[in-house]
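1. can you look at this prediction? I've put the sequence above it.
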Amino acid sequence: QVQLVESGGGLVQAGGSLRLSCAASERNFVFSMAWFRQAPGKEQEFVGGINWNGETMYYGDSVKGRFTISRDRAQNRAYLQMNSLKPEDSAVYYCTARRGTVDAESVRVKATFDYWGQGTQVTVSS
């Protein structure tokens, strides 16, 4: 069973930046990964995803141009760099992973992913 652990959340002012990190317990981490978020009273929302080879990234419309997803396979980690943060970005952010590839449609679907972290809270103050 792969364990995913997120870190890097916190409180930041609007316009600020945060970098979330997701550490995977398995070496030779050949997984596609994604970040989803959930705000109170709202559905879980796709934020961004990256294919297993790290060559293709996908983003939700609400974060495109502000957030960047990346990975370091040698360190078994994925990152979500969040810039120009807005109060509406406040949510619990979850790291997810699945073995093998994803595409532009499947990456946005929660059921695509087999492994989930516990989440990290991001709060953006106005």
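-> Ah, there it is. From a predicted model like this one, the values you see are computed outputs, not experimental measurements. Numbering: from 1, shown residues only.
2. hey, let's count contacts and neighbours off CA atoms from now on
-> Fine.
3. what's the distance between the most centrally placed residue in the chain and residue 126?
-> Per C-alpha atoms, centre = their mean, the C-alpha nearest to the average position across the chain is that of residue 35, at 2.3 Å. With the distance defined as C-alpha to C-alpha, to the nearest Å, residue 35 ends up 23 Å from residue 126.
4. what do you get for residue 44?
-> For residue 44 relative to residue 126 (C-alpha to C-alpha), the value is 22 Å.
5. could you list every helix and strand in contact with the host helix or strand of residue 95?
-> For residue 95, the host element (DSSP states H and E) is strand 91-99. Strand 91-99 is packed against strand 4-7, strand 31-38, strand 115-116, strand 120-125, with contacts defined by 3 or more C-alpha pairs under 8 Å, 6 or more residues apart in numbering; DSSP states H and E.
6. that strand to strand 120-125, inter-axis angle?
-> 140 degrees (axes from the mean of the first three to the mean of the last three C-alpha atoms, to 10 degrees).
7. would you mark the buried spots in strand 91-99?
-> Using 16 or more other C-alpha atoms under 10 Å as the test for burial, strand 91-99 gives 91-99.
8. cool, stretch 75-89 as well?
-> Neighbour-count burial for stretch 75-89 flags 76-80, 82-83, 85-86, 89 (criterion: 16+ other C-alpha under 10 Å).
9. now render these as JSON lines, adding distance to residue 17.
-> Formatted as JSON lines, the buried residues of stretch 75-89 follow (distance: C-alpha to C-alpha, whole Å):
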{"residue": "76", "distance to residue 17": "23"}
{"residue": "77", "distance to residue 17": "19"}
{"residue": "78", "distance to residue 17": "17"}
{"residue": "79", "distance to residue 17": "13"}
{"residue": "80", "distance to residue 17": "10"}
{"residue": "82", "distance to residue 17": "5"}
{"residue": "83", "distance to residue 17": "4"}
{"residue": "85", "distance to residue 17": "6"}
{"residue": "86", "distance to residue 17": "10"}
{"residue": "89", "distance to residue 17": "11"}
